[in-house]
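Enquirer: Predicted model follows, preceded by the sequence.
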Amino acid sequence: MHSPPHSIQDWKTLAHSDPELAATTLIDKIAAVAPTTQRSVFAALPSQEALTLFFEKAIASTGALSGVPFLLKDLFDFPGYPTTASSLFLTDVRPKPTREAALSKAFRAQGAVFAGKTHLNEFAYGLSGENPTFGNCPHPIYPERLSGGSSSGSAWAVRSGIVPIATGTDTGGSIRVPTAWCGIYGLRLSPNEWSSKGCFPLAPSFDTAGWFCSTAEDMRLCIETLLSPKRGKTSPLRGVSLLESVKDLSIEFRAKSGDVLEILNAQSDPSVTEAYRVTTRSITQSYSILQSLEALQVHKAWIDAHKKRYDPVVWQRIDRARHWTPAQIDDAKKTEARIIDFFQACFERYDFIVLPATQSPAISAAEHTDEFRTNLLAITAPGSFARCPVLTIPIQLKNGESQGLQILCKEDQSDIPLRILNALGGTSPSS
């Protein structure tokens, strides 16, 4: 192979022809990354000897991903490797993993090769890719900006061509945001065993697992292989666009999104948009309340004892759960119920729902203000409340910038994401 492997098929071809060369190629790719970026992206990597052995074992598989390397976000357990959640102390208070995460098992059952672990916002409590311990994960094209998070290292590695697949988690947008900012494809599922077995939690009832791919073709293959989606109706899909509910989207993003919406037959409906606006009013506060309450339950044994070892921003987000009033919590639960009802009603009329994934392309750390985060959560939290699976597709903008569209579906085993990817076909939104 004359050019470096990039796609799933490239890696399969290389690994099956020379597994030792496949391991060397991957290690060389990582070695070429600047040291500060390596530190912010990669949490743990196998030795060359171990990686070669992984490739040699994997190519014996007849699975669709035989010989294809993948990276695990460092919330997922893999025997022999610590799960740190990109924190300073988790390994001190949690036993070293002896069992493999369910999602990792699913990938390896198809012949995929464990290639290491990636960093994240500490304990996955953030959407930016910032981490004061290991360094902020840079944007893969504009290093002065952020990659998005919390699944920052995974998104960076896929966009940078290190591996064709990397896993992520998404509680409040942690797959959707980096997918959009890095200009790749991302899928988050509903809460299921992949987000609960062998995966360190943030807010368990909201936590979901998923993965990133650099191309639509690779995403299609992963969906078909790992989810075996049920074939639904053959009549044309019908979607509804809620882009008009989000203010201050750029003219360019709206225009390019409009082209995609036309292909997908996703129409805007003023009455649905207005109902959505009313239903999601104050959503950021409501989501923050319920998410932090669950996070506090996860961290209650450590929040005081290890206060100085937390990222101060993360500590504050968890600690605030001790100060919500009963009235605030009750209001938040009512908001959650209204949003669930809204989406259930929508899915009775439409096959999918479209929202932007972010309000802008990638930003710098200085631009990541509380106001920006509040507005970003207002876009991503509705899907989190609804526990919807979401396919995020890239919208390529000028000068290498990107945003994304969230395609919200009703259930994990739906064939709608596949049909959407097939409909886009050669009109890739990232091109």
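Expert: The structure has been received and is ready for your questions.
Enquirer: Beyond the host helix or strand of residue 292, next helix or strand please.
Expert: Secondary-structure assignment from DSSP states H and E places residue 292 in helix 283-299. Next helix or strand after helix 283-299 toward the C-terminus (DSSP H and E): helix 312-319.
Enquirer: Please work out the angle formed by the directions of that next one and helix 283-299.
Expert: For helix 312-319 and helix 283-299, the angle between their directions (axes from the mean of the first three to the mean of the last three C-alpha atoms, to 10 degrees) works out to 90 degrees.
Enquirer: how close does the nearest residue to residue 226 once chain neighbours are set aside get to residue 406?
Expert: Leaving aside its chain neighbours, residue 226 sits nearest to residue 106 (5.7 Å; criterion: C-beta to C-beta, 6 or more residues apart in numbering). For the C-beta atoms, the positions are set from N, CA and C on the backbone; glycine is no exception. Note on residue 106: its distance to residue 406, by C-beta to C-beta, to the nearest Å, is 24 Å.
Enquirer: sorry, back to before: buried residues of the helix holding residue 292, list them for me.
Expert: Within helix 283-299, the residues that qualify as buried are 283-296, 298-299, counting by 16 or more other C-beta atoms under 10 Å.
Enquirer: now that helix: how far from the chain's centre is it?
Expert: Distance, stretch centre to chain centre, for helix 283-299: 19 Å (C-alpha atoms, centre = their mean, to the nearest Å).
Enquirer: cool, and stretch 189-206?
Expert: Centroid separation between stretch 189-206 and its chain, computed with C-alpha atoms, centre = their mean, is 13 Å.
Enquirer: Contacts made by that stretch with the rest, please.
Expert: Residues from elsewhere that reach stretch 189-206, judged by C-beta atoms under 8 Å, 6 or more residues apart in numbering: 75-77, 83, 85, 90, 94, 97, 99-104, 106, 123-125, 169, 171-172, 207-210, 290-292, 294-295, 298, 384, 387-389, 411-412.
Enquirer: Tell me where this structure has strands.
Expert: Under the criterion DSSP state E, the chain contains strands at 42-44, 69-73, 113-118, 165-169, 185-188, 209-213, 239-241, 266-268, 352-356, 390-396, 402-408.
Enquirer: Neighbouring strands - and their directions - for the first one?
Expert: It refers to strand 42-44. With DSSP bridges as the test, strand 42-44 is paired with strand 113-118 (antiparallel).
Enquirer: I'd like the C-alpha coordinates of the strand it pairs with written as PDB, please.
Expert: Taking only C-alpha atoms (Å, rounded to 0.1, in the frame of the first residue of the first chain), the coordinates of strand 113-118 have been written out as PDB:
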ATOM      1  CA  VAL A 113      -8.100  -4.200  17.000                       C
ATOM      2  CA  PHE A 114      -7.800  -2.400  20.400                       C
ATOM      3  CA  ALA A 115      -5.300   0.400  19.700                       C
ATOM      4  CA  GLY A 116      -5.300   2.400  22.900                       C
ATOM      5  CA  LYS A 117      -7.400   4.900  25.000                       C
ATOM      6  CA  THR A 118      -8.100   8.600  24.500                       C
END
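Enquirer: which other residues reach it?
Expert: 15, 26, 41-46, 51, 54-55, 58, 67-74, 76, 78, 81, 83, 104, 107-108, 151-154, 156-157, 163, 166.
Enquirer: Flag every buried residue along stretch 404-413.
Expert: Applying a neighbour-count criterion of 16+ other C-beta under 10 Å, one finds 404, 405, 406, 407, 408, 409, 410, 412 buried in stretch 404-413.
Enquirer: out of those residues, who's nearest residue 227?
Expert: Top of the list for closeness to residue 227, among those and by C-beta to C-beta, is residue 412 at 6.3 Å.
Enquirer: Export the buried residues of stretch 404-413 as JSON lines, with columns for distance to residue 30.
Expert: Shown next, in JSON lines, are the buried residues of stretch 404-413 (distance: C-beta to C-beta, whole Å):
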{"residue": "404", "distance to residue 30": "26"}
{"residue": "405", "distance to residue 30": "31"}
{"residue": "406", "distance to residue 30": "31"}
{"residue": "407", "distance to residue 30": "32"}
{"residue": "408", "distance to residue 30": "35"}
{"residue": "409", "distance to residue 30": "34"}
{"residue": "410", "distance to residue 30": "39"}
{"residue": "412", "distance to residue 30": "32"}
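Enquirer: now, among these, which is nearest to residue 178?
Expert: Of these, the one sitting nearest to residue 178 (C-beta to C-beta) turns out to be residue 404, at 9.4 Å.
Enquirer: check contacts around the closest one.
Expert: When contacts are counted by C-beta under 8 Å, 6+ apart, residue 404 is found next to 176, 179-181, 183, 186, 356-358, 392-395.
Enquirer: so what's it closest to, chain neighbours aside?
Expert: residue 180 (3.0 Å).
Enquirer: can you check residue 364 too?
Expert: Once flanking residues are discounted, residue 364 sits nearest to residue 145: 5.2 Å by C-beta to C-beta, 6+ apart.
Enquirer: what's around the one you found, how many residues?
Expert: 21 (other C-beta atoms under 10 Å).
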